[in-house]
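**Q** here's a sequence, model it:
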Amino acid sequence: MDPFLRKLRRHLLRWLHRSRRSGSVFFVRRISYNDVRSATDGFRRVVFSNSEVSAYAANFGEGGGGVCLVKELKDFDQRNGDSFHQQVQFLGRLHHRHLLSLKGFSVGRNRKRLLIFDNIENGSLKEHLNDPLKTPLSWRTRLQIANGVVAALKYLFLFSDPPVCHVSISSGNIMLDENFTAKLSDFGLLTSGGNSVMIPKSEDSMGQKSCKIIFQLGVLILELVTGQSSEMEGSDLVEWIQESRFYSSIDKMIDPDLGNSYDCTELKSLLAVAKLCIKSWDKPSFTIPQFFGYLQNKIDIPHN
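**A** Presented below is the predicted three-dimensional model:
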């Protein structure tokens, strides 16, 4: 090997070794803690909060990235900085129309772990379904949201390398951009609390973790149809879809905000998807690729 190339290689290897030891992350922007604190108004602009994660609305201004969602991972192992940086590196490689894109990360005081995601101009789906002051979502928008979530799941289950380990679906973590495009926001190598929960490989039959995610998708679809909250695991909605004569009560269950603006054939297809998702919790009888093929045939809505 040429002496110059040998020397250059040695310096590159040393730099790479130092970078790994210092917790560096490639291709993902590191944002200063002070900038994040300022953009979130001192972490007072809370979007939602639980024992594992707090999410904040942030505005970094025109030159700094605009409106973003900042997530603070609360229950992360503070001693294991490598796992956090692996999570950041993984999220930075994921690119899909219906996933919230990672724009940067920050490590603050007391080793606070912060992830900065793409814009959230229209907030969460939950806000639009439950807040009477929000303009009701049209039937076409609801169909496109359902289709978008399915497309995001298909990407994460079948095309992510390495395979995604954690996905959670709820109206609270489906974010809507300025065009009301659905963006799944809770996914990664680790749960929000820093724990890894492996999802079965795509060629395998549906495992317990996969079934839970598909069940959550079914509940989300029922929310889109009825406008009702899925609090308490959506037990009332699940009981309704499992009734033998649920089709006869659709008129009573559909969201009044929709009026008569929905297509009956599309509605029944969407409910058929929800029913299959709920059923998969107890009786998974198909593989992941088969499942997504069925779902997309049922609710694939062309974009305008």
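**Q** okay, CA-based contacts and neighbour counts for the rest of this
**A** OK.
**Q** residue ranges in this structure under the pLDDT threshold?
**A** For the chain, applying pLDDT under 70 flags the ranges 1-26, 64, 75-82, 190-206, 230-234, 284-285, 301-304.
**Q** which ones are touching residue 267?
**A** By Cα atoms under 8 Å, 6 or more residues apart in numbering, the contact set of residue 267 is residue 225.
**Q** pretty sure it belongs to a strand, no?
**A** No: read with DSSP: H, G, I helix; E, B strand; the rest coil, residue 267 is helix and lies in no strand.
**Q** on the three-state scheme, the closest residue to residue 96 other than its chain neighbours is what?
**A** Using Cα to Cα, 6 or more residues apart in numbering and skipping residues adjacent in sequence, the residue nearest residue 96 is residue 152, 7.1 Å away. Three-state call for residue 152 (three-state DSSP): helix.
**Q** what about residue 152, how many residues close to it?
**A** For residue 152, the neighbour count with other Cα atoms under 10 Å is 19.
**Q** which residues in the protein form strands?
**A** For the chain, strands defined by DSSP state E occupy the ranges 29-30, 46-49, 53-59, 67-73, 102-107, 113-117, 166-167, 174-176, 182-184, 187-188.
**Q** which of the ones you listed sits closest to residue 237?
**A** For residue 237, the closest of these is strand 174-176, at 18.9 Å, according to Cα to Cα.
**Q** can you list the residues that contact the closest one?
**A** Strand 174-176 has contacts (Cα under 8 Å, 6+ apart) with 100, 120, 121, 122, 123, 124, 125, 126, 182, 183, 184, 185.
**Q** mind running it again at 10 Å?
**A** For strand 174-176, the surrounding residues in contact (Cα atoms under 10 Å, 6 or more residues apart in numbering) are 69, 98-100, 118-128, 145, 149, 168, 181-186, 220.
**Q** for stretch 131-142, same thing?
**A** Stretch 131-142 is touched from outside by 122, 125, 127-130, 144-145, 147-148, 179-182, 221, 223-225, 227, 255-263, 266-267, 301, 303, with contacts defined as Cα under 10 Å, 6+ apart.
**Q** list the buried residues in stretch 291-301.
**A** 291, 292, 295, 296, 298, 299, 301 (16 or more other Cα atoms under 10 Å).
**Q** quick check: the second one touching residue 150?
**A** Yes: in this structure, residue 292 is within contact of residue 150 by Cα atoms under 10 Å, at 7.5 Å.
**Q** pull the CA atoms of stretch 214-233 into PDB?
**A** What follows is stretch 214-233, C-alpha atoms only, in PDB (Å, rounded to 0.1, in the frame of the first residue of the first chain):
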ATOM      1  CA  ILE A 214     -51.900  -4.700  14.400                       C
ATOM      2  CA  PHE A 215     -54.600  -4.700  17.100                       C
ATOM      3  CA  GLN A 216     -53.600  -1.000  17.800                       C
ATOM      4  CA  LEU A 217     -54.100  -0.300  14.100                       C
ATOM      5  CA  GLY A 218     -57.600  -1.800  14.200                       C
ATOM      6  CA  VAL A 219     -58.500   0.500  17.200                       C
ATOM      7  CA  LEU A 220     -57.100   3.500  15.400                       C
ATOM      8  CA  ILE A 221     -59.300   2.800  12.300                       C
ATOM      9  CA  LEU A 222     -62.300   2.500  14.600                       C
ATOM     10  CA  GLU A 223     -61.400   5.900  16.000                       C
ATOM     11  CA  LEU A 224     -61.200   7.400  12.500                       C
ATOM     12  CA  VAL A 225     -64.700   6.000  11.600                       C
ATOM     13  CA  THR A 226     -66.500   6.800  14.800                       C
ATOM     14  CA  GLY A 227     -64.600   9.900  16.100                       C
ATOM     15  CA  GLN A 228     -64.700   8.300  19.600                       C
ATOM     16  CA  SER A 229     -61.700   8.100  21.900                       C
ATOM     17  CA  SER A 230     -59.800   4.900  22.300                       C
ATOM     18  CA  GLU A 231     -58.900   5.500  25.900                       C
ATOM     19  CA  MET A 232     -59.000   2.300  28.100                       C
ATOM     20  CA  GLU A 233     -57.700   0.300  25.100                       C
END
